[in-house]
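Colleague: Sequence and predicted model, in that order:
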Amino acid sequence: MNSKRDSAATGADAAASVPALLKDSLPGKVLLLPLPARPFFPAQTMPLVLPENLWLETVERIGKTPHQMVGLVYAPSGGKEMPDAEQFAAVGTIVRMHNPVRGEGRIQFIAEGLQRFRILNWLSLRAPYVAQVEYPVIAEENPKEIRAYALAIIGKIKELLPHNPLYKENVRAYLDRFSPDDAAPLGDFAAALTSASGAELQEVLETASLLHRLEKVMFLIKREVEVAGLQSEIRQKVEERVSERQREFFLREQLKEIQKELGIQKDDKTVESERFRARLEGAVVPADVQARIDEEFQKFSMLETGSPEYAGTRNYLDTLTSLPWGRYTTDDLDIDAARRQLDRDHEGLADVKDRIIEFLGVGALTGEISGSIMLLVGPPGVGKTSIGRSIADALGRKFYRFSVGGMRDEAEIKGHRRTYIGAMPGKFVQALREAQSANPVILLDEIDKIGSSYQGDPASALLEVLDPEQNVGFLDHYLDVRFDLSRVLFVCTANQLDTIPRPLLDRMEVIRLAGYVAEEKLAIAKRHLLPKQRRKAGLSSAQLVVADAALRVVIEGYAREAGVRNLEKQLNRIARKAALKVLRDRASIVKIEPSNLHEFLGKPVFRPEQMQRGVGVVSGLAWTAMGGATLDIEATRVHTKNRGFKLTGQLGEVMRESAEIAYSYVSSHLADYDGDPAFFDEAFVHLHVPEGATPKDGPSAGITMATALLSLARNEELAHPLAMTGELTLTGRVLPIGGVREKLIAAKRVGIREVLLPEANRGDYEELPAYIRKGIKVHFVAHFRDVVALAFKRPRRKRKPRGPGRATS
């Protein structure tokens, strides 16, 4: 290129892009049309489509002008149909309108870009918009730099062409109007090719300096090349994957056809059918079930793989053939081995183990264990679920566990009918499929929390399953054939019996797990829990040493509940912090003593329980879902202005009735027990059970409340520390209560060594293990007079019986 040509390529914008004759004919007053998406450039020629109802008048006025020109201005309206004048940009492009056409509510015309303009004054602020404009003239700049930018832009445009065929059409249209050596229209054309935002393109349009404009265009076109290249790369990868999969598909289909012709390959349906039949080899299938299976195989062979029934029939055959028809595991009925298994897995619980061994002993004599349902009842964390697993291990049976807590749909038990899409068999069929044995141990966890809804009552559905007389022919709705569950050993767990339906409870043999005393917890922590937490934390027995005294503090101060689940959590906290100490402080050994235990667990959660003594204060014993607990009963006289009786402590209805019975009995028999007969006639008495935030209910605090009221009336505290529990009647009889084991454990935990129990509970006490009875003296009472004789120093004066109120048990 010679210098003369360079000069021609970098002339003024008006001279380079618009003929001199046209320059003189550009109007100074123009009609304006807004462009909401992006600006229009002088180098562009493209059709525009406008809504007829908004811009018909403007287009008609343009058509009446001699020059047929209109100004196109970028005006982002923010979603409004008609933008305000303030939203119009300051710089736009004057275009000539060609071939306007109306139709279907729209106006379309070809816009030929001519020249930039700048708005000077608005002559009409409403549509049709009219403004006074000027056409800027660009001064000459460094031709070499402009030439370099122009060549660079042309190079980037060439890079764009292979990525999209539309770019080629745009380039061809541009070359029909302009020379590739004209830098000004080249920059406008390149900017229009990009997918930049409207604000970025408007910035290019408003840049007066050609050199600066080309710099901005170069940045935009370079970014466009990168984006287009990335899009092409992604498209190519997707096409390669699709092509590869199509190729594999066609090759597989060809291979199948070749193998079919050679007789060495079968279709998928035949393979599935043979696989299902192979499962039944060696199985003892009842005749009626075999007939149903053969019928389903015949139907399956006639169905096409694309048929809607194909998947349903295939899944049904899959379930039927995967059940363990006639497959049983041989029971290991070695009683000594079973006892060793239970002792290895569980500490303490001797009475529970004895019951289980007795249960297994019957099976050893009869040769099999069948038709048995055990219910393990106890507080959380006492090992109910793990005992069920130990029973399975001791017998050598497969084990399957599922929770029925919160279950509300009976289809979970008996399955869905196959008429429904997505139907599935019930939990028991799933258990048999997974165990692959017709006599597994199935554990039903949290059976006391089973629910019911409009979808059915799962507890009622369980009646058939857990009834040895009915489960010989258990019918699952999905299978629609009967399966024998009579040799399955069912083990259920619950925290309480109150919420279990009575018909369901009658089918079970109840085994109670009352919880652990401190000595048992200590042994469990040392032999089971602490080694387990060391392994989980990656510590050796030499790196983490926990003293027995520290373990006792953890048990008494942080994990006092009946089970050991919270104790395990506390030991886990100790192990985690010890592992961190080994890593951070490079400690070779971490010793846990009572003196530094608070550094690992913080302050104790439970305060040491101390037995309260005083006039009107008596300790009772209560049962909770978490185990046993002590319950102090406090009675005081508020004033002597009038007779009255007040109860506090968030007491339930039954407990309030027990308090009223105690008040009535003591009031009517006060003279018989060395009290002032007029005491309650003048006194307003307040009876309170502490820890008012905890709900309390039950009848077993009757004698405790009566003793507290008698202590208040006699102004005499108990002769020595003791606790008591028993239901009181209006005639003074003491009725039996429940939870004897849990209550005695709670008394030992607090340090109480003397307890009063109802005479009717003597048998329950004698069945307790020796380690629970050891160290505690129990008195059995049949009448409240027995309670008074044991609780107070002064003996009761002997009086003649008067009336029916003196009846005794």
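Modeller: Alright, I've got the coordinates.

Colleague: ok, which stretches of the stretch 651-800 of the chain are strands?
Modeller: Secondary structure of the stretch 651-800 of the chain by DSSP state E, counting those that start in this stretch: the strands cover 684-688, 723-724, 727-728, 734-735, 754-758, 777-781.

Colleague: highest average neighbour count across those strands?
Modeller: The highest average neighbour count among these, using mean count of other CB atoms under 10 Å, belongs to strand 723-724 at a mean of 28. Where you see a C-beta, it was placed from the backbone N, CA and C, and this is true even at glycine.

Colleague: Can you give the contact residues for it?
Modeller: Strand 723-724 has contacts (CB atoms under 8 Å, 6 or more residues apart in numbering) with 611, 618-621, 630, 703-704, 707, 747, 750, 752, 754-757, 781, 787, 791.

Colleague: top strand in the chain by residue count?
Modeller: strand 106-124 (DSSP state E).

Colleague: which strands and helices sit next to that one?
Modeller: On a contact count with 3 or more CB pairs under 8 Å, 6 or more residues apart in numbering; DSSP states H and E, strand 106-124 meets helix 13-17, strand 29-35, strand 45-51, helix 52-64, strand 69-74, strand 91-103, strand 129-134.

Colleague: what's the closest of these to S197?
Modeller: The closest of the helices and strands packed on strand 106-124 to S197 is strand 69-74. By CB to CB, the value is 10.8 Å.

Colleague: by how many degrees do that closest one and strand 29-35 diverge?
Modeller: Per axes from the mean of the first three to the mean of the last three CA atoms, to 10 degrees, the angle that strand 69-74 makes with strand 29-35 is 40 degrees.

Colleague: other SSEs contacting strand 69-74?
Modeller: Judged by 3+ CB pairs under 8 Å, 6+ apart, the packing partners of strand 69-74 are strand 29-35, helix 52-64, strand 91-103, strand 106-124, helix 198-206.

Colleague: In the shortest one, which residues are buried?
Modeller: Translated: strand 29-35. Using 16 or more other CB atoms under 10 Å as the test for burial, strand 29-35 gives V30, L31, L32, L33, P34, L35.

Colleague: Excluding covalently adjacent residues, which one is nearest to the first one?
Modeller: The shortest distance from V30 to any non-neighbouring residue, by CB to CB, 6 or more residues apart in numbering, is to G71 (4.3 Å).

Colleague: Show me what the longest strand of the chain pairs with in its sheet, parallel or antiparallel.
Modeller: Within its sheet, strand 106-124 is paired with strand 45-51 (antiparallel), strand 91-103 (antiparallel), strand 129-134 (antiparallel), according to DSSP bridges.

Colleague: Which strand or helix spans R235?
Modeller: In this structure, R235 sits in helix 210-262 according to DSSP states H and E.

Colleague: got a list of what P36 touches?
Modeller: A75, P76, S77, P83.

Colleague: got TSV for those, with secondary structure and neighbour count too?
Modeller: Rendered in TSV, the data for those read as follows (DSSP: H, G, I helix; E, B strand; the rest coil; neighbours: other CB atoms under 10 Å):
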residue	secondary structure	neighbour count
A75	coil	24
P76	coil	18
S77	coil	13
P83	coil	18
